[in-house]
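>>> Sequence plus predicted model, see below.
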There are 2 protein chains.
Amino acid sequence: MEAENATQASAAIDFDVDHLSHRVLTVAYMNREAFDETVATGRACYFSRSRKKLWRKGEESGNFQIVHEIRIDCDADAVVVAVEQRGDGAACHEGYESCFFRKLDGGEWKIVDQRKVDPAKYGPNYGHQKKSAG
Amino acid sequence: MEAENATQASAAIDFDVDHLSHRVLTVAYMNREAFDETVATGRACYFSRSRKKLWRKGEESGNFQIVHEIRIDCDADAVVVAVEQRGDGAACHEGYESCFFRKLDGGEWKIVDQRKVDPAKYGPNYGHQKKSAG
């Protein structure tokens, strides 16, 4: 199968996982251009549907991601990108390693991870474009 | 935060991961009812958007999933469900452990996993409802 099929869906779901622990870090969208740039540069690049432009992960914060492997699912509308998280080690705009820092516990969502960094470090506008706005 | 927020989005993306290896197994959708059933029964239940009904993972094949942990992301529109894959150990309707059995290699998607089971075992109609139809 040609790699072109990666983005035959209008918006392929991308999720990044840590290349060693396999922990799910973030969920985002890729269009064809974002996918191509990710492959060409070896750094994760998404497409922001709200801003209608490429979103080069880490361009504001330095928290970019080095790509180790890309997998596609059975019906070719989702990819898993195994990455090495650089910068402060925070893939989440809230400063956590992973966007999935809360778990269900007794009927409530409880924060169970420690922040890697205070996102205020990256300036007052950082984080206003949340990842799902992608 | 109340668990209700899990499905404040019209369709929360659900990722199943193996509870030990953390490998991503499948991607599917949950509505409020599917989420509640998953929590209540401890078995993964999705919502099929094409069939407009609950999709109890494994109800045809016996490949059901025991839930170990549920996490939600920063903007509460995606969940990661850590599961123990039962039955033949195949989360994918094509008989693989994971739907992500192909990786990008030299510009092409190559199958790099071994099938756990021939899905023909589950009858002629099995697999016609692919997971993304969910």
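Right, received. Where do you want to start? Residues are numbered from 1 along each chain as shown, chains lettered A, B, ... in the order given.

>>> Okay, buried residues for stretch A:29-46 please.
Within stretch A:29-46, the residues scored as buried using 16 or more other Cβ atoms under 10 Å in any protein chain shown are A:29-31, A:34-39, A:43-46. (C-beta placed from N, C-alpha, C; glycine too.)

>>> meant to ask about stretch A:66-84
By neighbour count on 16+ other Cβ under 10 Å, the buried set for stretch A:66-84 is A:67, A:70-83.

>>> which regions of chain A lie under the pLDDT threshold?
The model of chain A has pLDDT under 70 over residues A:1-11, A:128-134.

>>> What are the boundaries of the strands in it?
Secondary structure of chain A by DSSP state E: the strands cover A:12-18, A:24-30, A:45-48, A:53-56, A:65-72, A:78-85, A:102-105, A:108-111.

>>> near chain B at all, the first one?
Put plainly, it is strand A:12-18. Yes: figure legend: strand A:12-18 in contact with chain B (Cβ under 8 Å from any Cβ of the partner chain); contacting residues A:13, A:15, A:17.

>>> which helices and strands does that strand pack with?
strand A:24-30, strand A:78-85, strand B:24-30 (3 or more Cβ pairs under 8 Å, 6 or more residues apart in numbering or on different chains; DSSP states H and E).

>>> Mind giving me the packing neighbours of the longest one?
To tie it back to what came earlier, the one meant is strand A:78-85. Strand A:78-85 makes packing contacts with strand A:12-18, strand A:24-30, strand A:65-72 when contacts are defined by 3+ Cβ pairs under 8 Å, 6+ apart.

>>> With distance to residue B:90 as extra columns, can I get these in a markdown table?
As requested, these are arranged in a markdown table below (distance: least, Cβ to Cβ, whole Å):
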| stretch | distance to residue B:90 |
| --- | --- |
| strand A:12-18 | 20 |
| strand A:24-30 | 21 |
| strand A:65-72 | 16 |
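
>>> Next, give phi and psi for the closest residue to residue A:123 other than its chain neighbours.
Of all residues not flanking residue A:123 in the chain, residue A:60 sits nearest, at 7.5 Å (Cβ to Cβ, 6 or more residues apart in numbering or on different chains). Residue A:60 has phi and psi values of phi -90, psi -40 when expressed as degrees, to the nearest 10.

>>> which ones are touching the spatially most central residue of chain A?
Nearest residue to the geometric centre of chain A (Cα atoms, centre = their mean): residue A:26, 4.0 Å. For residue A:26, the contacting residues are A:15-16, A:57, A:91-92, A:98-99, A:131, B:73, taking Cβ atoms under 8 Å, 6 or more residues apart in numbering or on different chains as the criterion.

>>> do you know how far residue A:125 is from residue B:113?
As defined by Cβ to Cβ, to the nearest Å, residue A:125 lies at a distance of 43 Å from residue B:113.

>>> between these two, which one's more packed in?
Neighbours per residue (other Cβ atoms under 10 Å in any protein chain shown) separate residue A:125 from residue B:113, with residue B:113 holding more: 15 against 8.

>>> Tell me the spatial nearest neighbour of the more buried one, not counting adjacent residues.
For residue B:113, ignoring the flanking residues on the chain, the nearest one in space by Cβ to Cβ, 6+ apart is residue B:101 at 3.9 Å.

>>> I'd assumed residue B:94 was in contact with the one you found.
Yes: contact status for residue B:101 versus residue B:94: in contact at 7.4 Å, counting by Cβ atoms under 8 Å.

>>> Now for the two: what residues contact both?
With the criterion set as Cβ under 8 Å, 6+ apart, the overlap between the contacts of residue B:101 and residue B:94 is residue A:74.

>>> show me what contacts the nearest residue to residue A:120 once chain neighbours are set aside?
Closest residue to residue A:120 in three dimensions, ignoring its sequence neighbours and counting by Cβ to Cβ, 6+ apart: residue A:126, at 7.9 Å. When contacts are counted by Cβ under 8 Å, 6+ apart, residue A:126 touches A:60-61, A:93, A:119-120.

>>> Please give me every residue in contact with residue A:19.
Contacts for residue A:19 were tallied using Cβ under 8 Å, 6+ apart; they are A:68-69, A:82-84.
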